[in-house]
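In: Predicted structure and sequence below. I'll ask about it afterward.
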Amino acid sequence: MDVMEQIKQSIESSPIVLFMKGTPDMPQCGFSMRTAEALKACNVEFAYVDVLAQPEVRSNLPQYSHWPTFPQLFINGELVGGCDIVLELFQKGELQTMTQSAGSQQASAG
């Protein structure tokens, strides 16, 4: 499978997907750690892709999303942004609303 198709499939396979360095339980950078912690604090399930374990995804995702850095959060197939944006949304209470909405859409679709 083409790496761009693999990225697209990852984004479409779950309502909330975090492309990060490491895993939510073992993040490999502070930005990824803080982003994963914000998602965990929203009490929603989310998928993740460890870009360190998948170098082709790491090198091609910025072209796909038009976003140069990691982590990258996608909700309902749309790029939300990186760590700073996610933390700002969390502090405003907007991330909780966005993720709860995405999670309920998943529950009603499944």
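Out: Done, it's in.
In: now stretch 73-93, how far from the centre of its chain.
Out: 8 Å (C-alpha atoms, centre = their mean, to the nearest Å).
In: Name the nearest residue to the residue most central in space within the chain, ignoring sequence neighbours.
Out: For the chain, L18 is the residue whose C-alpha lies nearest the centre (C-alpha atoms, centre = their mean; 1.9 Å). Once flanking residues are discounted, L18 sits nearest to Y48: 4.6 Å by C-beta to C-beta, 6 or more residues apart in numbering. From N, CA and C alone the C-beta is placed, and that goes for glycine too.
In: Spell out which helix or strand contains the one you found, please.
Out: strand 47-50 (DSSP states H and E).
In: same check, this time on L73
Out: strand 72-75.
In: for that strand, packing partners?
Out: strand 16-20, helix 55-65, strand 78-81, helix 94-109 (3 or more C-beta pairs under 8 Å, 6 or more residues apart in numbering; DSSP states H and E).
In: Can I get that strand in CSV, CA atoms only?
Out: Extracted C-alpha coordinates of strand 72-75, given in CSV (Å, rounded to 0.1, in the frame of the first residue of the first chain):
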residue,chain,number,x,y,z
GLN,A,72,-0.5,16.0,14.7
LEU,A,73,-4.1,15.5,15.9
PHE,A,74,-6.9,14.6,13.5
ILE,A,75,-10.6,14.6,14.6
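In: Residues touching it, excluding its own?
Out: 11, 15-19, 35, 39, 61, 65, 79-82, 86, 98-99, 102 (C-beta atoms under 8 Å, 6 or more residues apart in numbering).
In: Stretch 21-28 now?
Out: Residues contacting stretch 21-28 (C-beta under 8 Å, 6+ apart): 18, 20, 29, 31-33, 36, 39-40, 46, 48, 50-52, 70-71.
In: of these, closest to K92?
Out: Nearest to K92 among the contacts of stretch 21-28 is L39, at 15.2 Å by C-beta to C-beta.
In: and the closest one, what does it touch?
Out: 16, 18, 24, 46, 73, 86, 95, 99.
In: For PyMOL, write the select line for the buried members of the residues you listed.
Out: In PyMOL syntax, the buried subset of those is picked out as below (16 or more other C-beta atoms under 10 Å):
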select buried, resi 16+18+24+46+73+86+95+99
